[in-house]
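[1] sequence-free structure coming up:
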């Protein structure tokens with residue numbers, strides 16, 4: 001065996017050790033109590049594992065005090081929102097394996113947005129509208145009088161969960177997908193109305209997701225992609241778990257698919273890859289509360305190790 005082959009085998013063994021952490025993991029926790037929820041979150045932080053808490057808000061309505069869909073809509077119905085518009089519902093997404101497409105942003109009231117969801121005219125049939133600003137928009141929403149909690153009592157009731165960094169409200173409809181990506185924050189994701197399908201992939205599989213340096217572009221009002229000449233290329237996964245071809249490629253990975261229904265809560269650890277698709281048929285309202293992990297954690301070292309090893313053995 002050559003030295004090159006020996007090194008490659010050693011690297012594969014090291015990578016397999018990372019992969020072994022996520023074999024046959026379980027993400028579903030049914031109808032859990034509030035007290036058990038917090039202790040479970042601590043355990044999940046230790047293991048760096050996601051969890052789907054089914055029916056959590058229905059069993060524990062006072063835990064987060066999340067208002068229902070109608071209360072949120074009525075509070076914001078005439079509020080102007082910055083809405084993302086794309087031709088195929090794929091904001092912040094790879095296009096043609098070459099471009100990283102950002103949405104056209106327009107301003108409209110929630111009332112107008114809801115009308116767009118119901119508009120089947122030819123002029124709007126190829127456009128998807130999504131309130132998806134990720135700039136801690138919940139701060140502004142709460143200041144307008146909407147009774148959504150600005151913060152959740154996570155940090156106060158857990159030992160290992162970091163402090164909240166940002167919180168966002170999402171309002172969309174069927175046909176919109178947030179393509180496969182990862183975030184730097186631990187996320188408590190709350191489903192208020194509608195159904196979302198989420199594909200989850202452990203961070204150690206980053207090198208298998210066909211990441212490419214993509215040219216940043218932004219859709220204009222006519223839904224044409226315009227290159228952002230003053231922005232650096234973006235390293236981004238190009239696999240799509242919802243296409244048959246890529247689904248076959250991902251079949252060897254321990255990918256989990258979760259459907260979030262109203263009242264469900266998802267704990268999504270930092271760096272886990274996820275793709276989120278709105279299934280409908282109702283207006284889809286979600287909340288996400290991002291929390292900054294403690295700085296002495298080793299997750300980033302593990303993630304970078306796997307990415308680099310994966311590149312070396314290809």
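    Everything's here; your move. A quick note: this is a predicted structure, and the numbers were derived from the prediction, not measured. Numbering: from 1, shown residues only.
[2] shaky segments in the stretch 1-150 of the chain?
    Residue ranges of the stretch 1-150 of the chain with pLDDT under 70: 1-19, 120-125.
[3] so where do the strands sit in it?
    In the stretch 1-150 of the chain, the strands defined using DSSP state E, counting those that start in this stretch lie at 28-30, 51-54, 80-86, 93-95, 99-102, 104-109, 128-130.
[4] you'd agree residue 27 is up against residue 256?
    Yes: counting by Cβ atoms under 8 Å, residue 27 touches residue 256, with 5.4 Å between them. The way it works is simple: take the backbone N, C-alpha and C, and place the C-beta from them, glycine included.
[5] name the residues contacting each of the two.
    Taking Cβ atoms under 8 Å, 6 or more residues apart in numbering as the criterion, residue 27 and residue 256 both touch 50, 200.
[6] and of the strands of the stretch 1-150 of the chain, who's closest to residue 181?
    Closest approach to residue 181 among the strands of the stretch 1-150 of the chain is made by strand 93-95 (9.0 Å; Cβ to Cβ).
[7] distance of the nearest residue to residue 146 once chain neighbours are set aside from residue 34?
    Leaving aside its sequence neighbours, residue 146 sits nearest to residue 75 (Cβ to Cβ, 6 or more residues apart in numbering; 4.1 Å). According to Cβ to Cβ, to the nearest Å, residue 75 and residue 34 sit 25 Å apart.
[8] ok, residue 74 next?
    27 Å.
[9] that older thread, so residue 75 and residue 34 - more neighbours on which side?
    Using other Cβ atoms under 10 Å, the more surrounded residue of residue 75 and residue 34 is residue 75, with 18 against 14.
[10] ok, the more buried one touching residue 169?
    No: using Cβ under 8 Å, residue 75 is not in contact with residue 169, being 10.9 Å away.
[11] helices of the stretch 201-314 of the chain, start to end?
    244-250, 299-312 (DSSP state H, counting those that start in this stretch).
[12] go through the ones you listed and name the closest to residue 67.
    Among the helices of the stretch 201-314 of the chain, if distance is taken as Cβ to Cβ, the winner is helix 299-312, at 33.3 Å.
[13] what is the burial count for residue 35?
    Quick note: residue 35 (other Cβ under 10 Å) scores 11 neighbours.
[14] tell me who's in contact with it.
    Counting by Cβ under 8 Å, 6+ apart, residue 35 has no contacts.
[15] tell me which stretches of the stretch 201-314 of the chain form strands.
    211-219, 225-227, 234-237, 256-260, 265-268, 273-278, 284-291.
[16] next one: phi and psi at residue 182?
    Per-residue torsions, residue 182: phi -130, psi 160 (degrees, to the nearest 10).
[17] and the gap between it and residue 299?
    11 Å.
[18] low-scoring pLDDT stretches of the stretch 151-300 of the chain, where are they?
    In the stretch 151-300 of the chain, residues with pLDDT under 70: 295-298.
[19] swap in 90 and give it another go.
    Low-confidence segments of the stretch 151-300 of the chain, defined by pLDDT under 90: 155, 159-163, 175, 184, 203-211, 230-231, 235, 244-255, 280-282, 292-300.
[20] just to revisit the earlier point, check the contact lists of residue 182 and residue 299 and give me the overlap.
    203, 270-271.
[21] export these as TSV, with columns for distance to residue 149 and neighbour count.
    Below are the shared contacts of residue 182 and residue 299 laid out as TSV (distance: Cβ to Cβ, whole Å; neighbours: other Cβ atoms under 10 Å):
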residue	distance to residue 149	neighbour count
203	29	21
270	22	22
271	26	21
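[22] so which of these would you say is closest to residue 249?
    Checking the shared contacts of residue 182 and residue 299 one by one against residue 249 (Cβ to Cβ), the nearest turns out to be residue 203, at 17.6 Å.
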